[in-house]
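A.B. asks: Below: sequence and its predicted model.
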Amino acid sequence: MEKVTFTFNDHEITADKNLNVLEAVLQAGYEIPHYCFHNGLNPAGSCRLCAVEVGQYDKDGRFSMNPKLVMACKTPVKESLVVRSDTEKVRRHQKNILEFLLLNHPLDCPICDQAGECYLQDYSYRYGNPVSRFAEKKNKQPKKNIGKNILLHADRCILCTRCVRFVEEISGGAELAVSKRGSGSEIDIVPGQGLNDKMAGNIVDICPVGAMLDKQFLFKQRVWFLKTAESICPRCSRGCNIYIDHHQGVVYRLRPRFNPDVNDYWMCDDGRYGYKFIQAPERLTHSSMGRGETAQPISPERAYNEVKNRFAPYLQVGNGSKMAAVLSPCATCEEQWLLAQWLRSSSREVTLAMGPVFSEKDDEVFKGGFKICAEKIPNRRGAEAVIKQSGTELMKFKELLEAVAQGRFETLWIQGGYPWLDWWPDDSLDKLHAVKVIILQDILKSKLSDRADVVLAGAAWTEKSGSFINDQDQVQPFAKAINPPEQACSEAEWIWRISGRRGQFCMETIHSEMADIVRSPNTPAANTMSTT
Amino acid sequence: MAFEPILTRNRNHPEVHQLDAYVKRGGYASLKKAVSMAPEEIVAMVKASGLRGRGGAGFSTGIKWSFMLKASTDPIYMVVNFDESEPGTFKDRYLAEIDPHQILEGIIVGSYTTRASVAYIFIRGEYPAQARILQETIDQAYKAGYLGKNILNSGYNLECVLHRGAGAYICGEETSLLEALEGKRGWPRIKPPFPAVQGAFGKSTIINNVETLCCVPHIINNGPEWFVSIGTVHSPGPKLYGISGQVNKPGIVELPLGIPCRELIEKYAGGVRNGRRCKAVIPGGVSMGVLTEKELDCALDFEGPPQYGCLGLGTGGVIVMDDTTCMVRVLRNIVRFFANESCGQCTPCREGSVWMLKILNRILDGQGTLKDLDLLIELTDTQGALVGKTICGLADGTSWAVKTFINKFRLEFEAQLLKKYMVSKYGPHQKRGNQSLCLSIHGKGNLYI
């Protein structure tokens, strides 16, 4: 891409030629306040806040500033363009626009979910007037229920029309429109429709004020208490880059994180609201021992000893063929690799299978190119890569079930971690009686956990770090957001200890050993450009 | 020598609604002449005539058309702006009623010159009768071979489509007109790209006012020199003035550009009604500002009104107000119009116009202060919050009205502010509320008691 160089408030900026001034300035790390512009949408140029003064040299080399303000979001960058946002004229204009926007905006910040991450608050403090000259009655538009998860407080709306452009350009449903005219304008849903598609939740993220509200987050937590971790969404093999917002060990919401190669600025509602299993009542908080009725909770220490005692005989030479391990496509590459590497190093005859891969018929692709993959698990490619590297044939889950039914295995090590209950097929549960020792690592209590000899309580993906390999073969690392339940720990840590490795659990060691699979754990992670 | 009407020459010949009669009176002669000429020649001719757009902005039609010679999209569109939504303006309606074929002739010549293959006539929704007339005219022209394929054996094809708007002031603005024509919400577009590059349906589009196009056949018939001889040096040609308000003879009158406002009122509109004094005149649509009685010598051409602080000539819709008119109420009415008609896209216009309306309402309720007037002036100042800060010119129009009204009739606004004081001092002895109180203040001329 051809580059041009221009100046912004005396800073020299080099940017791609096809950008507009606002994009280029934001990319360079400076700020011009803006509302209607969003990086993922076409510019509208209607909020009028990103106005700047521009000047250029004419053919004879004389410099002149344009008499009129121009909108940075609608002005293409040009070689040796001079852009100023620090002049008296621009400042006064910004003050005026912010005053206008606040005329009819209710000052209900104390009960507004957006407070703390509201661009109307931020810009008003940074660029606005300390007092309003408005002495009239404010317009009051209604509050509307516009979708399964979305609430619209139209009185807070500043009519940036990001949401309208989003449903037109990205999700493609075009359910939203501006109705009425002038100061009475409000965002409204097309009659007879609801904002119920799988992209709807993004509208809450892109709304710069508290007009679009997430019903599931409504009044749950003040945003300034939230801490944020960078993570990857586990609900399909796309692996959207996300932020996990949490406070005191509770996850309150997920938000998309910009990654141009994967999810752009968006995520789907399946992922957005699909984290609730980590707080489900079925969550395994203790390890346990014994099948069915006889099951009893045990301490991590006891669990460690039990597994060692029961499993040790099979690790001896000659017993490898009686042993099978099910690597979970919901586990991280590191966990899959630790288990495979440990069992393979003790015996070359051990069978490595992969857990069931749940899949719908087709990918869902939206108008703006966003894709929800048919595969509803995050890391099938990770498991395949691990098994390939270990030098064995991957046994398909179906074949594994048949082999179990035939009584080929005396012991099974099962990795679970699926976000739903009863992922193990019901009709083959009874066949598990023939297996002498079943060790299960899982996070939810299920019929399968009733049949395991030792259940090791594991960590959900929010509670551990690791990496997934997505449908485009990109290795995507993610960080731990919250702690697992007190008596549980991540699958990798269990195996680290049980396999007899010394010292503290260390992710770097694993990465250096499994370098072929996770070439660089920090690869295509997103750059953290402003998404709002 | 009395001026012979040109555009309205057929006003006493209602039979010209029929194509034969129109041709008999010299109609479609210019089209026959035009198709034998190259588009470049016609553009040069129109340029030489100095014809300026009659829709309000007064941009040179010849120059506008010359942009189209470079247009390379296929197809090219001609859009005729028949939205005529400026209050006080009804000239295009009159043209459609008296001589619809003249409009069509102008459209066909204009389309031929700009090589347009489809001409859209965007007529405002409130003109159903005029739309019917035009549709009949179009049908007649199709039958006679003035529209359709191979017009007059020139090999030139033109389709003509009549599109009725849905009744929004903003759709008179050319880019929002295009949006509405495309079936979208009538929101103005940001320029560039200009319509000449990317207009209707993404194609090069020429947009002209009805009256502008009506001038074109006459220029081609009589030559640019003849056209230049009418009117003033910078504003040549005839103009339809629509006079309304408190005059004895409201209506349309065609005169050369540059006629002084006073002469227009006294001589052609029969003077102010009931022998009263003229107090204020809006020269061309409410967005242009206001002229006081003392400024009535203003020449009504494109250069005249700006010398008196107005935005321009506008559409030539002259609104006359006599000395019984309360200017505060007039301004409130104007601002209410703009607040209602603001499309809501740009923040300053959407919020600012309603803010100003609320302030004016408060002043009329007797709750205003002098600070309010200063605030209104500050908002509407050329360096203020509205002028030039929006996509289209609607906010400029609002500002200009507010600014000129307050500046030129400041005493009256201050008198209105005194109302509360007066009522508290003398009691509400005026029976008819606000209006009569205004009148009593203004009528006696003793503002500060």
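C.D. replies: Looks like it came in fine.

A.B. asks: Can you give the domain ranges for chain B?
C.D. replies: B:14-228, B:238-322, B:327-431 (automatic domain parsing).

A.B. asks: For these, give me a markdown table that also has distance to chain A, mean neighbour count and mean pLDDT.
C.D. replies: Heads up, the C-betas are built off the backbone N, CA and C, glycines and all. Compiled in a markdown table, the domains of chain B are given as follows (distance: least, CB to the nearest CB, whole Å; neighbours: other CB atoms under 10 Å in any protein chain shown; pLDDT from 0 to 100):
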| stretch | distance to chain A | mean neighbour count | mean pLDDT |
| --- | --- | --- | --- |
| domain B:14-228 | 5 | 20 | 92 |
| domain B:238-322 | 15 | 21 | 92 |
| domain B:327-431 | 4 | 21 | 87 |
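
A.B. asks: Would you map the helices across chain A?
C.D. replies: Ranges of helices in chain A, per DSSP state H, are A:21-27, A:88-103, A:119-127, A:162-169, A:202-206, A:269-272, A:300-315, A:333-346, A:380-390, A:397-405, A:447-451, A:491-498, A:507-513.

A.B. asks: ok, the most centrally placed residue in chain B - contacts?
C.D. replies: Among the residues of chain B, the one closest to the centroid is B:Thr315, at 2.8 Å (CA atoms, centre = their mean). Under the criterion of CB atoms under 8 Å, 6 or more residues apart in numbering or on different chains, the neighbours of B:Thr315 are B:54-56, B:84, B:86, B:88-89, B:91, B:242, B:284-285.

A.B. asks: now A:Glu349, nearest residue through space, not along the chain?
C.D. replies: Leaving aside its chain neighbours, A:Glu349 sits nearest to A:Gly320 (3.5 Å; criterion: CB to CB, 6 or more residues apart in numbering or on different chains).

A.B. asks: For the residue nearest to the centre of chain B, which non-adjacent residue is spatially closest?
C.D. replies: In space, B:Thr315 is closest to B:Thr89, 4.2 Å off (CB to CB, 6+ apart).

A.B. asks: Let me see the contact set for that neighbour.
C.D. replies: Per CB under 8 Å, 6+ apart, neighbours of B:Thr89: B:242, B:284-285, B:314-317.

A.B. asks: Give me the secondary structure label for it.
C.D. replies: Using DSSP: H, G, I helix; E, B strand; the rest coil, the structure places B:Thr89 in coil.

A.B. asks: Give me the phi and psi for it.
C.D. replies: Note on B:Thr89: backbone dihedrals following degrees, to the nearest 10 are phi -110, psi 130.

A.B. asks: same question, the one 3 residues further on
C.D. replies: Geometry field for B:Asp92 lists phi and psi as phi -70, psi -40, criterion degrees, to the nearest 10.

A.B. asks: where along the stretch 101-250 of chain B do the strands fall?
C.D. replies: Ranges of strands in the stretch 101-250 of chain B, per DSSP state E, counting those that start in this stretch, are B:118-123, B:159-164, B:205-209, B:238-245.

A.B. asks: Paired strands for the next helix or strand after the longest one, with orientation please.
C.D. replies: Proceeding C-terminally, strand B:238-245 gives way to strand B:251-256 as the next helix or strand, assigned by DSSP states H and E. Next to strand B:251-256 in the sheet, as set by DSSP bridges, lie strand B:238-245 (antiparallel).

A.B. asks: From the chain's centre, how far out is the partner strand? Work that out for me.
C.D. replies: 10 Å (CA atoms, centre = their mean, to the nearest Å).

A.B. asks: Give me the residues contacting it.
C.D. replies: So strand B:238-245 is contacted by B:3, B:5-8, B:54, B:88-91, B:94-95, B:211, B:215, B:230-231, B:249-257, B:259, B:264-265, B:268-269, B:300-301, B:315-322 (CB under 8 Å, 6+ apart).

A.B. asks: picking up where we left off before, want to throw the strands of the stretch 101-250 of chain B into CSV with distance to A:Asn39?
C.D. replies: CSV is the format used below for the strands of the stretch 101-250 of chain B (distance: least, CB to CB, whole Å):
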stretch, distance to A:Asn39
strand B:118-123, 36
strand B:159-164, 37
strand B:205-209, 31
strand B:238-245, 49
